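Q: When you get a sec, could you give me coordinates for this:
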Amino acid sequence: MKRITSIDLFAGVGGMRLALERAIKKLRLSHKCKLHSEINLYCRHTYDENFPNTPLIKDIKEVKSERINKEIPDHDILLAGFPCQPFSKAGISKRKSLNMKHGLEDTKQGNLFFNILDIINKKKPKAFILENVENLKFYSNGKVLEKILKSLRRNYYVPAPEILDAQDFGLAQRRKRIFILGFLNKNDDFKYPEPTYQKTKVADFLDKYPKKKYIISDLLWKSHQIRKIRNKKAGKGFGYKLTYSKDKYTRTISSRYFKDGGECLIYRGEGKNPRKLSPKEVFRLQGFPENFKIPVSDNQAYRQAGNAVPINVVEKICSNVIRYMVSSSVVIKNAA
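A: You can find the predicted model right below:
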């Protein structure tokens with residue numbers, strides 16, 4: 001039995017780790033996560049409930065460059081779903097309205113990529129898997145992504161990034177994400193996983209007996225309807241979306257879903273107020289298993305699920321990454 005080691009940066013609730021472990025198990029290998037980093041207290045609580053006793057660094061920015069080799073353990077694969085808000089359309093709009101910097105110039109979140117880059121260059125993992133929002137490809141006419149790729153390619157083989165959609169991998173949610181992969185050794189060209197195009201419908205991801213508390217109030221339902229009419233007149237595309245159980249997929253569920261549920265309101269019948277998804281349903285739409293523990297409030301759970309990665313997509317990527325590592329004659333450490 002061989003062991004693959006990893007570190008899990010900007011870990012959230014552990015979606016990328018969960019996907020990696022699924023892929024490793026199917027390939028009959030073993031795994032040890034040697035470190036995770038996550039600044040959010042509630043995410044750490046959920047992570048610890050599902051992956052107990054994993055060494056933690058709360059804020060990766062606290063690890064100074066000169067101390068990386070001492071504080072960051074050696075590892076085979078680096079995982080990082082680095083903050084997407086500085087590159088997302090909604091995040092950019094909000095920052096502009098507040099006269100704040102965005103993209104890599106955002107000193108709070110946007111430049112955290114350079115912390116990842118520093119760790120990669122000093123620790124030399126055999127591979128890395130980075131994830132972000134689709135808009136990273138188009139932000140600043142592609143100049144930011146070009147800068148990111150140029151910096152990574154100094155020491156790594158980095159194939160062209162791919163945008164993959166969760167709905168093409170067996171999840172009933174439209175969720176496009178960009179993936180950036182790198183390998184210390186190169187063999188042939190790396191190939192991203194092919195979509196499975198598994199048929200889905202929203203009904204398969206819904207609770208059998210939904211709780212009444214998720215039915216929205218008369219006031220909120222009226223507000224949604226008024227806002228949609230107003231936005232349509234103003235030429236804006238934003239407004240609530242009624243989703244039917246027979247639909248193939250939902251809109252992208254974001255971390256703001258807890259506010260009003262506008263991205264996806266479940267139709268309950270003519271003359272009835274629709275309902276929000278439950279946190280468990282949102283986690284299902286992201287590919288999390290039924291036994292995944294959610295020990296936080298509904299509002300925190302919505303935030304966590306909305307920021308998570310689509311598990312099915314990342315699992316397929318991880319599987320291809322591991323196979324590529326082996327084909328590139330990368331020696332994976334034997335388990336102790």
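
Q: only C-alpha atoms for contact and neighbour calcs from this point on.
A: OK.

Q: And the strands in the chain?
A: Per DSSP state E, the chain carries strands over the ranges 3-9, 30-37, 56-57, 77-80, 127-133, 162-165, 176-183, 242-243, 265-266, 275-276.

Q: who does the third one pair up with?
A: Looking at strand 56-57 with DSSP bridges, its paired strands and their directions are strand 30-37 (parallel).

Q: same question, the fifth one
A: In the sheet containing strand 127-133, the strands it pairs with under DSSP bridges are strand 77-80 (parallel), strand 176-183 (antiparallel).

Q: who wins for proximity to Lys150 among those strands?
A: strand 176-183 (11.9 Å; Cα to Cα).

Q: I'd like the strands paired with strand 127-133 as JSON lines, with distance to Thr243 and mean neighbour count appended.
A: Below are the strands paired with strand 127-133 laid out as JSON lines (distance: least, Cα to Cα, whole Å; neighbours: other Cα atoms under 10 Å):
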{"stretch": "strand 77-80", "distance to Thr243": "32", "mean neighbour count": "24"}
{"stretch": "strand 176-183", "distance to Thr243": "19", "mean neighbour count": "22"}
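
Q: Export those to TSV and append columns for mean pLDDT and distance to Phe288.
A: Output for the strands paired with strand 127-133, formatted as TSV (pLDDT from 0 to 100; distance: least, Cα to Cα, whole Å):
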stretch	mean pLDDT	distance to Phe288
strand 77-80	98	18
strand 176-183	97	17
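
Q: Nearest approach to Gly269 belongs to which of those strands?
A: strand 176-183 (30.0 Å).

Q: For this protein, give me the ranges with low pLDDT.
A: 1, 84-110, 237-238, 329-336 (pLDDT under 70).

Q: how close does the closest residue to Glu290 other than its chain neighbours sit to Lys150?
A: Nearest non-adjacent residue to Glu290, counting by Cα to Cα, 6 or more residues apart in numbering: Arg284, 7.5 Å away. In this view, Arg284 and Lys150 are 36 Å apart by Cα to Cα, to the nearest Å.

Q: and Glu281, how far is that from Gln300?
A: 14 Å.

Q: More neighbours: which of these two?
A: Ranked by neighbour count (other Cα atoms under 10 Å), Glu281 and Gln300 place Glu281 first, with 21 against 18.
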